[in-house]
Every structure is written in structure tokens, then in C-alpha cells.
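Engineer: Sharing a model prediction with you, sequence too.
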Amino acid sequence: MKLNADIVFDNLPRSLAPEIRGVRETEMRLRRPELYETGSTELEPDHLYVIREERLPRHITVGRGCVIVCIGTSARLRWFGERCCVITVAATADFYAVFNAVQRIFQRYDLWEETLYNIINEDASVQAMLEASEQIANRSMLVIDANFDCVAAVGKEAEQALAKGGVAASVGYVAGSERLSLSSLDEYLATHDLSMDVRGAFRINFPELVTLNVNLLDDEGYHGCLTWIYPDQAPRPGDAPTIEYLADMVLHALNHQSLDPDADRSTIRDSLRSLCDDLPLDAIGKAALQVASERGTYVCVRLRLAHKMQQFPGRCLRAHR
């Protein structure tokens, strides 16, 4: 599995006193660590090199996305920092210990990736995927679906909420099992209403905690959201690409097992939209409505906003669904 400089830096032992600087890529394209070979004329793109400061080359081409893990500091690192990412560790650190520490980071993420794929191929359990990700994320996580119901949760801030059900319960716990205020829940719903089409990781700040979120989006639209909960610290730089990767895998699992609640109703939804737009139904649409009508009574409500700048009252509808 390829990583990036922020993920490597975040996972290095603090005993090495790591520091990061320079130009770094956010995409996960970084390859496993290599030893710098004397006489090399290029530090290749998206490669990670472990080297002692006294062996830094004087004349070399630096490829885009290259990362140097340097044992010790040197004035020459400023030149490298203008061209690539430089992570420095304590000069007293053992070379082989540093190299093995970086290797273990890649090995841990490789195992995580393999585990996620195995889960998708077995039963596509979102709960199992979150449990397998606890050691990587090191925090509470939850997944909600398009109806704001909790699909899966792990961690002390979220596990208690799973039995309660619903997003209000899911985001309503902080350390010590304290509930968030109703105003904070309203803030979450209002903020997320405006963020349901956002791609990539985004933060929601509460007085009591911070959440890092990724919407589960594909060509079919919004399917839910993956959330990491931070009750006592801010997200690290490497958390954003990691949660985005996990969100992609969760979306694969939802699609693989058709857990997405919208998947089974997509034809009905499209048919009702056509009726509201005074469009004729095709044979498939008519058949879908006929089957749906046999399960119970459905009420179709069409809302027309007085002004295009007004917000759709999503929270009100969810509260009365």
C-alpha cells in the first residue's frame, strides 16, 4: 500500500524526535523505504530514502514527491526542502532502527489494506471494517447512511451510541459518556446538510470535540458519511488521506452487499421524481410502483421553495420521518 509523507511522519515513534519540512504531496503515492546508494544521480519520484546527514549527496536530481528521512540535521537540508519533503530524526538514532521503524509503518498499512479487501470479499461487513481500522485510526469511528441512521460504530465514544441508533445518539457522546448539547446536535445537522456534496475530508468543530468526516459519494449521489471523533485533540495531517481511503473501502462494501438504503429504492425514487415533473413512466417504473404499493401505503410530498437561495429543511423532515 502506498502512503504519503504525513502518514509516515505521524506514525514515527516520538522517541526519534521527528520533524517534517519542505514540499510534500498529499496523495498516497509514496513507495516503501529504500537505502540511498552512493553515486546515484537521482532521487526518484514518490520514493522514500533513509540516509544519514553526512551521506547527503551534493549533486543530484530530486524527483517530485520524493521523501528523505534524514538521521541528523545539516545546512544542506534546506536545499532539499525546497524540492522535496524532509523528515529529520535525532542524530543519535540508530540507522537500522530508523529504517525498520519506517518499514513497520508500511507493513502495518499493508496488512490493514489486505484485511479490508478480505472483509469485502467475505461479507462486506462495515462494522468489521471499522474494527479492523481501530489500530490505524486510534479513535472512535462511525458510519451513517443516507437517512442519518448509524450503520456501524467503534470506540468508547461511539459504541454506546450504536445501541441507541440515529445520528443524534451517534455524535452525542464524548469522553466520560457525556452527551453533547442539543445546540451542538443542531449544529452538526445544519453543518452536514450544507456539506453532503463535499468531496474529500472535512472538519466539523464542536465546543466539546472535533470530527473529521468523509461523505460516501459516487455517481449515484450521497450514501452516507464516515466520521472520526476527536474528543481531546485535533486531526493529524495524515488522518485526512487515511480516512478518505477508508471511506472508499466502506463505499465499496456498501455497494458490494447493497447495504445502501437508497440502492433498493432508486427505481421508485426516480419514478416518483418523474411523476412530480409530469413525465411519463416507462414499464420498469410502473412495475416498481406496483410492487411498492403492495407493501403498504406511500405518501408523496412535493416541496417547492419560495426562493432558490432558501435551504431545504432537511433536519425538519428527518425529525418527522
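Structural biologist: Alright, I've got the coordinates. Numbering: from 1, shown residues only.
Engineer: list the contacts for the nearest residue to Glu53 once chain neighbours are set aside?
Structural biologist: Take Glu53 and drop its neighbours on the chain: the residue closest to it by C-beta to C-beta, 6 or more residues apart in numbering is Gly72, 3.6 Å away. For every residue, glycine as well, the C-beta is placed using N, CA and C. Gly72 is in contact with 52-54, 88-91, counting by C-beta atoms under 8 Å, 6 or more residues apart in numbering.
Engineer: Can I get the buried ones among those residues as something I can paste into ChimeraX?
Structural biologist: To isolate in ChimeraX the members of the contacts of Gly72 that are buried, counting by 16 or more other C-beta atoms under 10 Å, one can use:
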select :88,89
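Engineer: Which member of the contacts of Gly72 is positioned nearest Val198?
Structural biologist: For the contacts of Gly72, the residue nearest Val198 by C-beta to C-beta is Thr88; the value is 34.8 Å.
Engineer: so that closest one, which of the three states?
Structural biologist: Local secondary structure at Thr88 is given as strand here, using DSSP: H, G, I helix; E, B strand; the rest coil.
Engineer: which residues does it contact?
Structural biologist: 18-19, 21, 69-73, 77.
Engineer: and those residues, which are buried?
Structural biologist: With burial judged by 16+ other C-beta under 10 Å, the buried subset of the contacts of Thr88 is 18, 69-72, 77.
Engineer: which residue ranges form the strands in the stretch 51-200 of the chain?
Structural biologist: Using DSSP state E, counting those that start in this stretch, the strands of the stretch 51-200 of the chain run over 61-62, 67-71, 85-89, 141-145, 150-154, 173-174, 178-179.
Engineer: Arg31: which of the buried ones among the contacts of Thr88 is nearest?
Structural biologist: For Arg31, the closest of the buried ones among the contacts of Thr88 turns out to be Val69, at 13.0 Å, with distances computed as C-beta to C-beta.
Engineer: How about the contacts made by the residue most central in space within the chain?
Structural biologist: Taking C-alpha atoms, centre = their mean, the centroid of the chain lies closest to Ile243, which sits 2.0 Å from it. Neighbouring residues of Ile243 by C-beta under 8 Å, 6+ apart: 137, 201, 212-214, 226, 228.
Engineer: Ramachandran coordinates for it?
Structural biologist: Ile243 has phi and psi values of phi -70, psi -30 when expressed as degrees, to the nearest 10.
Engineer: Tell me which of the strands of the stretch 51-200 of the chain sits nearest to Pro237.
Structural biologist: Sorting these by C-beta to C-beta, the top spot, which is the nearest, belongs to strand 85-89 at 11.4 Å.
Engineer: so how far is the closest one off the chain centroid?
Structural biologist: 25 Å (C-alpha atoms, centre = their mean, to the nearest Å).
Engineer: Tell me where the protein has helices.
Structural biologist: For the chain, the helices defined by DSSP state H occupy 5-11, 77-81, 95-122, 126-132, 134-137, 156-164, 167-170, 182-193, 239-257, 266-276, 283-293, 314-319.
Engineer: My read is that Gln103 contacts Pro33, right?
Structural biologist: Yes: judged on C-beta atoms under 8 Å, Gln103 makes contact with Pro33 at a distance of 6.1 Å.
Engineer: which one of those two has more residues nearby?
Structural biologist: In this view Gln103 and Pro33 are compared by other C-beta atoms under 10 Å, and Pro33 has more residues nearby, 20 against 13.
Engineer: What separation do you get for that one and Val8?
Structural biologist: Spatial separation of Pro33 from Val8 under the definition C-beta to C-beta, to the nearest Å is 9 Å.
Engineer: Between those two, which contacts overlap?
Structural biologist: Counting by C-beta under 8 Å, 6+ apart, the residues touching both Pro33 and Val8 are 48, 69, 102.
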